[in-house]
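Trainee: need the 3D shape of this:
(2 chains)
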Amino acid sequence: MTRVIAEQDYTNIAQDLLARAKNHGATAADVMVADGETLSVQVRMGAVDRLTKAREKRLGLRVFFGQRSASASTSDFSRDSLERFVGETCALAQAVVEDPVSGLPEPGQFATDFPELNIHDATKLQTDQQIDLALRAERAAFAADSRITNSEGGECDSSSGRIILANSHGFVGQYANSSFSLSVSPIASDAAGMQRDYWYGVNRAFAKLDSPEAIGQEATRRTVRKLGARKVSTCRVPVIFDPEVAGSLLSHLCSALSGYALYKGASFLVGQLGQQIAPDFVTIYDDGRMPGGLGTRPFDGEGLPTRKQAMVERGRLASYILDTYSGKKLGLPSTGNAARSIGESPSAGPTNFYMVPGTTTPEQILASVKQGLYVTDLIGFGINMVTGDYSRGASGFWIENGELAYPVEEITIAGNLKQMYANIETIGTDLVFRGRIASPTVKLAEMTLAGN
Amino acid sequence: MSNNESGALARFGVTDREIEQALGRVKVSTVDYADLYFEYCQSESVSMEEGIVKRATKSVGQGVGVRATAGEKTGFAYSDELTPKDLNIAADTARYIANSAQGTVPVPVTHRPALARNLYPHDRANIEVATRDRVTLLNAIDAEARRYDPRIKNVMAAYNTEYKVMLVATSDGVMVGDIQPLSRLQVTCIAEENGNRQVGTFGGGGRIGLEYFQNDQRYLQFAREAAREAILNLSAVDAPAGVMPVVLGGGWPGILLHEAIGHGLEADFNRKKTSAFSNLLGKKVASEVCTIVDDGTLPFRRGSLNVDDEGTPSSRTVLIERGILRGYITDKLNARLMGIPLTGNGRRESYQSVVLPRMTNTFMLAGESDPKDIIKSVKKGLYAVSFGGGQVDITNGKFVFSASEAYLIEDGQITRPVNGATLIGSGPDILKQVSMVGHDLKLDEGIGTCGKDGQSVPVGVGLPTIRIDEITVGGTKA
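Mentor: Numbers count the residues shown, from 1 in each chain, chains lettered A, B, ... in the order given. You can find the predicted model right below:
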C-alpha cells in the first residue's frame, strides 16, 4: 500500500492544528503525528500461515485552556473532520476541572540537538524475503532436535514509522525509526506431555538481526530442556533469574519509579529517592540516546531532550522516571522520560533501561548454589505495586550442587520487591539488549517457592 | 439501529457495488473465504485523582480490514482510508497468499435483516453522555470513598465508554452490521495507616450506558467496595505457601475457568494440536459437578455480541457437561478446517487485527451446595473472593490467577485476611479437584479484558462458590 505523502505535509498539518486550537481559544497545545507501515509474516509447519500488511497514521492533539486540558486522537486527516476534531477537543478541555500543575514544559527546555542515533534503517524487505526468513527459522528449530514435533510457528516482522511533535511554544521535532524481528516457537513432546518455548531477535537495523538458524536452534534448546518438568516441594531457597526474566524485575522497578505511581502513593518506592534500595554493586542506567537502542529517541513525548542517567547508583536510588507533570507533583524537574501514546496526555516511562553487568559469569553463579531454583519463565500478574508484594507462576530448573538437575513447573515464587532488590546477591556478566529493558543474570539470596 | 447496515454503510461512505467489487477482487477460486470488515469506533475516557477530574481523552478511528483464507493460510491487510482505491489495494494484498491474479467477478451480497433479538439496545445519548455528567459522578465517588474511612488517602476513578459500529461483508454473500456500546467504571483506593499502604479496587460495566451506574446509586457502591478492600488489606497477614484446599467465591473468580480451560478450548490451538486439551473431546476433564458454558447471548453483558466479527450470531456453547469435554469455541476458519460446528466466537480487537476464536462470557452453572457448607467443609485453607489477572501456557496447561482479596479458613471459619497470592495449577487436572459447587451462580461485574496474540477483547466470567480440594497457593509463608 504505497501512498506517498510528502514529509512536509504532517508538519503542516500539525502547525495547522495548533493554529486552529488557538482560534478556538486554547492558550497552549501540542500535536503528535505518527505514521508507519508494517509487514508481518507468520509461517507454521513449513507453510505461510498469516500475512498482514498495513500502513497507518494517527494524530493526537492536546489543548490547554489555562489549566484545564484534554487530549484526543483521530485517524481521519480530512480537512472538515480536523476542524470538527479540534472543536470537540477544545470543548472537552473546558468540561474538566482546573489542575494547577498542568501545562507544557517551559520554553527553553526543548531539545535543540538531533544527533544521528541509528534508529532508522531504510531497508525494505520483500514479502517473499520475510517468508523465507521465517521458514528458515522454523526449519532450523525442527532440525535441531527430533523431539520437536509441532510448532506455534515462525514470525518475521518489519516496520518503519515516523513521529512528529509540535507545540505552541514553537517546538517542532521529528524522527523516523524502524524495527526488524524474527522469532520461532517450537513445541517438543514426549510421553509426559508437550512443552513450548520460543526465541527471538529484534533490531532496528536489518543487518544486525540474528540469523534465522541461530534463532531456531536457540528456540529448540530452550524448549526441549523443559521436557519432563515436575513440581518440587515448598521451600525457601536462593533463586537465579536468567537474563530474560531478570529483565522483568527491572520492568517492575520502572513501574515503581514512575512519577505518576509515586505522587499517587501507588508505589512501594514512595519517598525512597537518595536511599539505599539495593547492595552497592547494583548500578542501573536509563539511556535514551544509546545508538541503535530499541528505546532510543532524540526527544521525549513532550519534546524534551533524552539523555543517559543513573537511576540506581551503587545501590542508591538516584532518580525517579519523570515527565514534566509528575515531576512538578514531586517538586522535581522532568528527567526527559515523557512517554506518549497518540492522543493521550504524557506518562513517564523508561527509554533503554539496564543493569550494569557484574564480574561473575552465569556459570560461576550457578556453581555457587547448592540447592535452589533457576527461573527461565514467569507467568501471571501477581504483583502489587503499592506494597511490592510479589507472587508469580514460575518454571525453570532445580539446581543441585551447582548444576541444573531437572526441569520444574507449576510452582510459584513469592517475596516482596523491595526486599528482593535488597537481596540481590550476584550480577552476571551477560548483558545483551533484546528490548528496551535489559539485565544480566541475577541471583537473589532467598525467596519462597510454593509447590507440593 | 441495532443492525441497520444501510445506516452503517452511509457512515463509511462506501456503496454496495464497491464492496461487491472488492470482494470479487479478493475471492478468487483458490480463496476459500474472504471478508471486508468496516469499523468506526469512538472512545472517551474521563479520570479523576486527588479529588479532581483532570483528564479527559477522546479517540476516533475508522478503517477497513480485508481478509482472505485459503486452506490454513490467511492473508490480511487494513487501511484507515476507505476509498475504492484503498479497498482494492487491501484486497490485492490479502489475496497474495492465493498466488492468483485478481478476481473480476463481483461477489453479490445481501443485507441480512436485523436479528429479532438485540442484546444491548441503547440510546446513543446515554452512551455519549456529557463530560460534565461524568465529572459529577467521579466527584461523588471520591467523596464517598473518603467518607467510608479517613484512612483512605487517595481515590482514583476512571469512566470509559466506547461506541463501535461494525459492518462485515462476506464472500458467503451476506452483509451484517452491529452497534456495540461498552462502558466501564473503575475505582481504586489507597489506604494508609502507620506507614502501611494498601490498595483496593472495584469496577464494573457492560454494553450499557451511564444510567446503569446511576441506578440505585451503584457508582457509590463501587466507591465503598474499593475503599472496603483497601482498608481490609491494612490488616492482612502473609499468605500461606503450598498445596491446600481453596474455596472460590462467586463471580469474578470465574477467571479460573477462563484461564484453566477456556483458552485451551479455543479451536485454533486444538486444530494445531498445541493445546493441552487436544484430543480430549468426549473425555473426562472435570468432576461431575462441573458444567461450563460460553454464552455470548446474555443481555447487556460485557462479553456479549449480537453477531461475532464474521457476522455469525453469537450462541451458547456447552464446553464441559458434567465433567465431560463437549466442545470447542470456533470461528469460520477453524470450524471449516476441523469440520466442527460454528459457534459465533470469531472476534477481533479492531479492523487492524485478524479474527481469532475467542471467549465471550464463560461460566460454570450453579450446583446444589449451600455456600456456607462449602466454607465449613474446610479445616485449613484459603477463601479467595477477588482476583487480579491470570495467564495460561496453552501447551503444558499450567495457569495462574492472582487473588487480591482472600482470607484464611481455619476449622471451617473465615478468619484473617491475607496478602495477595498467585494460585497455580494445571488446566486439564484442576477441575477434577472441584468437589462442591454452590447454588449461588454469580456473573462478574463487567471488567474483564482478555489478551491473545496481542489483541484485547472484552469478556465476562462467572462462577458459583466452589471448593477445590487441592491447588498450590503461592504465598510467602512456607
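Trainee: distance of the closest residue to B:Thr74 other than its chain neighbours from B:Ala68?
Mentor: Distances taken as C-beta to C-beta, 6 or more residues apart in numbering or on different chains put A:Arg50 closest to B:Thr74, at 4.4 Å, once the chain neighbours are dropped. Yep, even glycine has a C-beta here, placed from its N, CA and C like the rest. Remark: distance between A:Arg50 and B:Ala68 (C-beta to C-beta, to the nearest Å) = 11 Å.
Trainee: these two: which has the busier surroundings?
Mentor: B:Ala68 (30 against 21; other C-beta atoms under 10 Å in any protein chain shown).
Trainee: next, that one: phi, psi?
Mentor: Main-chain torsions, B:Ala68, degrees, to the nearest 10: phi -130, psi 140.
Trainee: hang on, the earlier thing: so what sits against both of A:Arg50 and B:Ala68?
Mentor: B:74-76 (C-beta atoms under 8 Å, 6 or more residues apart in numbering or on different chains).
Trainee: now, which of those residues sits nearest A:Val369?
Mentor: B:Thr74 (46.3 Å; C-beta to C-beta).
Trainee: run a quick neighbour tally on that closest one.
Mentor: 21.
Trainee: run through the bridge partners of it.
Mentor: When assigned by DSSP bridges, B:Thr74 has beta-bridge partners A:Arg50, B:Thr69.
Trainee: so it sits against B:Val66, correct?
Mentor: No - checked against C-beta atoms under 8 Å, the pair B:Thr74 and B:Val66 is beyond contact range at 11.2 Å.
Trainee: what's the distance between A:Pro362 and A:Ala229?
Mentor: According to C-beta to C-beta, A:Pro362 and A:Ala229 sit 21 Å apart.
Trainee: give the other helices and strands that the biggest helix by length in chain B contacts.
Mentor: Ordering each helix of chain B by length in residues (DSSP state H) puts helix B:131-148 first. When contacts are defined as 3 or more C-beta pairs under 8 Å, 6 or more residues apart in numbering or on different chains; DSSP states H and E, helix B:131-148 packs onto helix A:79-95, strand B:33-49, strand B:52-70, strand B:152-170, strand B:174-193, helix B:210-214, helix B:218-233.
Trainee: what sits against the residue of chain B at minimum distance from chain A?
Mentor: Nearest residue of chain B to chain A: B:Gly474, at 2.6 Å (C-beta to the nearest C-beta). Neighbouring residues of B:Gly474 by C-beta under 8 Å, 6+ apart: A:382, A:391-393, A:411-414, A:448, A:450, B:239, B:241, B:400, B:421-424.
Trainee: now name the helix or strand holding A:Gly393.
Mentor: strand A:389-400 (DSSP states H and E).
Trainee: so B:Leu337 sits against B:Glu72, correct?
Mentor: Yes - judged on C-beta under 8 Å, B:Leu337 makes contact with B:Glu72 at a distance of 6.5 Å.
Trainee: which residues do these two both contact?
Mentor: Listed contacts common to B:Leu337 and B:Glu72 are nil; contacts here mean C-beta under 8 Å, 6+ apart.
Trainee: for B:Gln102, give me the pLDDT.
Mentor: Looking at B:Gln102, its pLDDT stands at 84.
Trainee: revised request: answer the last question for A:Ile5.
Mentor: For A:Ile5, the model assigns a pLDDT of 45.
Trainee: cool, A:Gly372 as well?
Mentor: 98.
Trainee: interface residues of the stretch 101-250 of chain A facing chain B?
Mentor: Residues of the stretch 101-250 of chain A lying close to chain B by C-beta under 8 Å from any C-beta of the partner chain are A:102, A:127, A:150, A:152, A:187, A:193-196, A:226, A:229, A:231, A:234-236.
Trainee: and the stretch 301-450 of chain B, which of its residues are near chain A?
Mentor: B:352, B:354, B:388-396, B:398-402, B:404, B:419-422, B:424-426.
Trainee: for stretch A:182-201, give the mean pLDDT please.
Mentor: 95.
Trainee: buried residues in it?
Mentor: Within stretch A:182-201, the residues that count as buried by 16 or more other C-beta atoms under 10 Å in any protein chain shown are A:182-189, A:193-201.
Trainee: and chain B, what are its domains?
Mentor: Domains of chain B are assigned by automatic domain parsing as B:5-233, B:241-474.
Trainee: quick one: contacts for A:Ser341?
Mentor: Counted by C-beta under 8 Å, 6+ apart, A:Ser341 has contacts A:60, A:347.
Trainee: swap in B:Ala90?
Mentor: A:1, B:22, B:64-66, B:77-79.
Trainee: need those residues in CSV with neighbour count, pLDDT and distance to B:Asp16, can you?
Mentor: Listed next are those as CSV, based on neighbours: other C-beta atoms under 10 Å in any protein chain shown; pLDDT from 0 to 100; distance: C-beta to C-beta, whole Å:
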residue, neighbour count, pLDDT, distance to B:Asp16
A:Met1, 17, 31, 24
B:Ala22, 28, 93, 11
B:Val64, 26, 95, 15
B:Gly65, 26, 96, 19
B:Val66, 28, 96, 16
B:Ala77, 27, 93, 21
B:Tyr78, 26, 93, 21
B:Ser79, 25, 92, 19
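Trainee: picking that back up, tilt between the longest helix of chain B and strand B:174-193?
Mentor: For helix B:131-148 against strand B:174-193, the angle by axes from the mean of the first three to the mean of the last three C-alpha atoms, to 10 degrees is 30 degrees.
Trainee: average pLDDT for helix B:131-148?
Mentor: In the prediction, helix B:131-148 has an average pLDDT of 92.
Trainee: chain center to that helix, what's the gap?
Mentor: Chain-centre distance of helix B:131-148: 27 Å, with C-alpha atoms, centre = their mean, to the nearest Å.
Trainee: and the residue nearest the centre of chain B, what does it touch?
Mentor: By C-alpha atoms, centre = their mean, chain B has its centre lying nearest to B:Val459, at 1.3 Å. Neighbour list for B:Val459: B:258, B:302-303, B:358-362, B:448-450 [criterion: C-beta under 8 Å, 6+ apart].
Trainee: rewinding a little: farthest-apart pair in the contacts of B:Ala90, please.
Mentor: A:Met1 and B:Ala22 (13.9 Å).
Trainee: quick revisit: any idea which of the contacts of B:Ala90 is closest to B:Leu443?
Mentor: Checking the contacts of B:Ala90 one by one against B:Leu443 (C-beta to C-beta), the nearest turns out to be B:Gly65, at 30.8 Å.
Trainee: for A:Lys53, see how far away the closest one is.
Mentor: According to C-beta to C-beta, B:Gly65 stands 11 Å off from A:Lys53.
Trainee: which stretches in the stretch 301-450 of chain A count as helices?
Mentor: A:324-330, A:362-367, A:417-422 (DSSP state H, counting those that start in this stretch).
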